[in-house]
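Enquirer: My questions are about this predicted structure, shown below with the sequence.
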There are 2 protein chains.
Amino acid sequence: MAEASNKAEYVVGVDLGGTKILSGVFNHSLESIGVTKLSTKSQRGVDKVIERIARCIQDSVDEADLTMKQVAGLGIGAPGAVDFGAGTVIFAPNLEGWKDVPLKKELEKQLGVPVFVENDCNIAALGVYVSELKSKPRSMVGIFVGTGIGGGIILNGDLYSGFGHTAGEIGHMVIDVNGPKCGCGNKGCFEALASRTAIFQQIKAGIKDGQKTMLTEMLGSDLDDLRSGDLRKAIRRGDKFVDRIVEGAAEYIGIATANLVNIVNPEVVVLGGGVIEALADEMMSVIVETATDYAMPGAMKGVEIVASKLGDSAGITGAAVLAKRETK
Amino acid sequence: MAEASNKAEYVVGVDLGGTKILSGVFNHSLESIGVTKLSTKSQRGVDKVIERIARCIQDSVDEADLTMKQVAGLGIGAPGAVDFGAGTVIFAPNLEGWKDVPLKKELEKQLGVPVFVENDCNIAALGVYVSELKSKPRSMVGIFVGTGIGGGIILNGDLYSGFGHTAGEIGHMVIDVNGPKCGCGNKGCFEALASRTAIFQQIKAGIKDGQKTMLTEMLGSDLDDLRSGDLRKAIRRGDKFVDRIVEGAAEYIGIATANLVNIVNPEVVVLGGGVIEALADEMMSVIVETATDYAMPGAMKGVEIVASKLGDSAGITGAAVLAKRETK
């Protein structure tokens, strides 16, 4: 029995974000048996962040009363473009200095287990698909609305990555060609209209223009530490200004959903990410209604649009699924 | 030998359009050995159009010195939403009265061969993929710009139809949410910005506003019988007004291409349809440049954007490919 428990039958899933690192240990049934969190501190530089990732992983393995020897493999979702084959992060806009970082190689050196690097939204889509959709649809589109907006596509029950492993970059789909400037340089990208960043900018611009909102009473006039949850609180207390801006973002998410349904015609669309997690009750009905309005007749037939309940665990679960698949 | 030549080893591909019906007979190497054309005359009603389709098919078979007995199967692309399983045309906006038409059943009754009904753009994508892309990429997106705009997606070497068989409805992807009204009821659909219909409307509106163009000298002030080829002629004679409108449409096609590359990340994007056929020299460089500008860095890496040279034969070729596959 001691022998058996030493077998490398566990996998670790890591979600590397701009502000925090999450690491989760999963057993062979993909049940989470230990999760730890560290802040990313990307300003300390790439090497320090990789050390923190390794530490976070080791902490989670220890938390689960295991050793690295019992870990068969490790999946990690990174917030940017990745080269899956090489295991490098090509570019991660929210991590300082992350350009062509050989993440797989570095982590394998430090931890001694096989490492698989994927895009964070692709991996979150895989996590939602495997652990949340009990009906096992053949196809799914995941739309993750947080600081930015990303997506992941599941076809025939597996992650669809495309030719150069960049499929699902839905955040930079142009839906308002004369709209607000996006960080990518274009105008009117989905992300520039409906991400948390876009919503917060609209709120701050409104306040500057003299709009009244409870948010300034709650957080001061600079809105320091504004979070998606504060928007929910303000709306529930009757803040019409915040309500209107959140509804506007939900309409854009609905239009983007219709575009994706028209193009990909998936069986299920899952909405996730921090904004949806905090504001599902406020946004989902508007999203579904707008998507149904905008999609072609027929394209929406039988298509389910649902909010993910996985929240933060979508990323680590998907990363664990990836590790399990790749080390089988 | 007489026996052998009686074997049903030929297939027929049909392209049913709003203005014309094309039927082509293909041998087992998918070489075209007889093509006929009839006008659709959709105003005569659904039954008459189906009779015309059957006649066009019989004419093409006769043209190839064959009889229907030598035809193993028949594929047909219809301009609208289809139910592939049932073989019905659910709705075809450009064909009068076409709603839930049992096209497969009717044609099988009249012709005695198995019939397979697909969406016209899906089938054109399949035709381009099989007969034009010699490198056999794993994935392709076809964008067909004509009276309307439609698309087709090839993944893993086969047509990707989606959950409800409606995938590839790229013409109603919203790219300018405050843009011109589309026939579908939404605003700023790709089709409302860059189809032949949209281009012609912009030209007519410009003339009404006092713009000068050679087109009125060529065709009279009402622009009766305006065709895509006339735009090419005007541009080559130095018509700045037409040039500007065509360039604007090409930019929208480039933005739509970038959206699709961001989402699907295919190996190849093929542009086809009447507008591209007539104006490839004028539009393609603008399309490629705009798409490269708008796509995410990385997403466009190694992706080819090319103009189809198949023209009208894309549809009948794809329909023949479908018939061959389904009767194998």
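Expert: Now that the structure is in, tell me what you want to look at. Numbering: from 1, shown residues only, chains lettered A, B, ... in the order given.
Enquirer: three-state assignment of A:Leu107?
Expert: helix (DSSP: H, G, I helix; E, B strand; the rest coil).
Enquirer: burial of it, as a residue count?
Expert: A:Leu107 is flanked by 22 other residues according to other CB atoms under 10 Å in any protein chain shown. Heads up, the C-betas are built off the backbone N, CA and C, glycines and all.
Enquirer: And for A:Lys99?
Expert: 12.
Enquirer: how close does the closest residue to it other than its chain neighbours sit to A:Gln211?
Expert: Sequence neighbours aside, A:Phe91 is the residue nearest to A:Lys99 in space, at 5.5 Å (criterion: CB to CB, 6 or more residues apart in numbering or on different chains). Distance of A:Phe91 to A:Gln211, computed by CB to CB, to the nearest Å: 36 Å.
Enquirer: Okay, and the beta partners of the residue nearest to A:Lys99?
Expert: In this entry, A:Phe91 is beta-bridged to A:Ala81, A:Lys99, by DSSP bridges.
Enquirer: I'd say it and B:Pro297 touch.
Expert: Yes - here A:Phe91 lies in contact with B:Pro297, judged by CB atoms under 8 Å, at a distance of 6.9 Å.
Enquirer: Give the residues shared as contacts by these two.
Expert: Counting by CB atoms under 8 Å, 6 or more residues apart in numbering or on different chains, the contacts common to A:Phe91 and B:Pro297 are A:Ala81.
Enquirer: So these two - more neighbours on which side?
Expert: Between A:Phe91 and B:Pro297, A:Phe91 has the larger neighbour count (other CB under 10 Å), namely 17 against 13.
Enquirer: What are the buried residues along stretch A:125-142?
Expert: By neighbour count on 16 or more other CB atoms under 10 Å in any protein chain shown, the buried set for stretch A:125-142 is A:125-133, A:137, A:139-142.
Enquirer: any chance of the residues you listed in TSV, plus pLDDT and secondary structure?
Expert: Formatted as TSV, the buried residues of stretch A:125-142 follow (pLDDT from 0 to 100; DSSP: H, G, I helix; E, B strand; the rest coil):
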residue	pLDDT	secondary structure
A:Ala125	97	helix
A:Leu126	96	helix
A:Gly127	95	helix
A:Val128	96	helix
A:Tyr129	96	helix
A:Val130	93	helix
A:Ser131	89	helix
A:Glu132	93	helix
A:Leu133	94	coil
A:Pro137	96	coil
A:Ser139	97	coil
A:Met140	98	strand
A:Val141	98	strand
A:Gly142	98	strand
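Enquirer: Now for the residue of the stretch 201-328 of chain A found nearest chain B: which residues touch it?
Expert: Nearest to chain B in the stretch 201-328 of chain A, going by CB to the nearest CB, is A:Asn265, at a distance of 2.7 Å. Shown in contact with A:Asn265 (CB under 8 Å, 6+ apart): A:Ser139, A:Ala299, A:Val303, B:Ser161, B:Gly162, B:Phe163, B:Gly164, B:His165, B:Thr166, B:Ala167, B:Gly168, B:Glu169.
Enquirer: In strands only, show me these.
Expert: Taking DSSP state E, every one of the contacts of A:Asn265 sits outside strands.
Enquirer: out of the residues you listed, who has the most neighbours?
Expert: Neighbour counts for the contacts of A:Asn265 were taken using other CB under 10 Å; the highest belongs to B:Gly168, with 30 neighbours.
Enquirer: per-residue pLDDT, it?
Expert: pLDDT recorded at B:Gly168 is 95.
Enquirer: okay, now the closest residue to it other than its chain neighbours: neighbour count?
Expert: Of all residues not flanking B:Gly168 in the chain, B:Gly151 sits nearest, at 4.3 Å (CB to CB, 6+ apart). Using other CB under 10 Å, B:Gly151 has 29 other residues around it.
Enquirer: other SSEs contacting the helix or strand hosting A:Asn262?
Expert: If you go by DSSP states H and E, A:Asn262 is part of helix A:240-264. Contacts defined by 3 or more CB pairs under 8 Å, 6 or more residues apart in numbering or on different chains; DSSP states H and E place helix A:240-264 against strand A:140-145, helix A:190-194, helix A:196-208, helix A:228-236, strand A:268-272, helix A:274-294, helix B:240-264.
Enquirer: looking at these, which is closest to A:Ala72?
Expert: Comparison of these against A:Ala72 by CB to CB identifies strand A:140-145 as nearest, at 25.6 Å.
Enquirer: Now do the one helix or strand A:Ile154 maps to against strand B:149-155, angle only.
Expert: Element membership of A:Ile154 [criterion: DSSP H and E] is strand A:149-155. Interaxial angle, strand A:149-155 versus strand B:149-155 (axes from the mean of the first three to the mean of the last three CA atoms, to 10 degrees): 60 degrees.
Enquirer: Now do strand A:149-155: everything it contacts.
Expert: With CB under 8 Å, 6+ apart as the test, strand A:149-155 has contacts from A:79, A:119-126, A:129, A:138-144, A:159-160, A:167-171, A:190-191, A:194-195, A:260, A:264, A:266, A:273, B:155, B:160, B:263.
Enquirer: Give the rounded mean pLDDT of it.
Expert: Strand A:149-155 shows a mean pLDDT of 96.
Enquirer: swap in stretch A:62-72?
Expert: Mean per-residue pLDDT for stretch A:62-72: 96.
Enquirer: Contacts for it, please.
Expert: Contact with stretch A:62-72 is made by A:5-12, A:25, A:33-36, A:58, A:61, A:111-114, A:323-324, A:327, as judged by CB under 8 Å, 6+ apart.
Enquirer: Only whichever of those residues are buried, select them in PyMOL.
Expert: Only the buried entries of those go into this PyMOL selection, using 16+ other CB under 10 Å:
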select buried, chain A and resi 8+10+11+12+25+33+34+35+36+58+61+111+113+114+323+324+327
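Enquirer: who touches the residue in the stretch 101-250 of chain A that chain B sits nearest to in this structure?
Expert: At 2.7 Å from chain B, A:Gly162 is the closest residue in the stretch 101-250 of chain A, using CB to the nearest CB. Contacts for A:Gly162 (CB under 8 Å, 6+ apart) come out as A:Gly168, B:Ser139, B:Val264, B:Asn265, B:Pro266.
Enquirer: repeat for A:Val268
Expert: When contacts are counted by CB under 8 Å, 6+ apart, A:Val268 touches A:Leu133, A:Ser135, A:Pro137, A:Ser139, A:Met140, A:Val141, A:Val303, A:Glu304, A:Ile305, A:Val306.
Enquirer: and what of A:Glu304?
Expert: Applying CB under 8 Å, 6+ apart, we find A:Glu304 in contact with A:Pro137, A:Glu267, A:Val268, A:Val269.
Enquirer: Export those residues as JSON lines, with columns for distance to A:Val242.
Expert: Shown next, in JSON lines, are these (distance: CB to CB, whole Å):
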{"residue": "A:Pro137", "distance to A:Val242": "34"}
{"residue": "A:Glu267", "distance to A:Val242": "34"}
{"residue": "A:Val268", "distance to A:Val242": "30"}
{"residue": "A:Val269", "distance to A:Val242": "25"}
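Enquirer: Which of those sits closest to B:Arg232?
Expert: Once CB to CB is applied, the member of these that ends up nearest B:Arg232 is A:Val269, at 41.2 Å.
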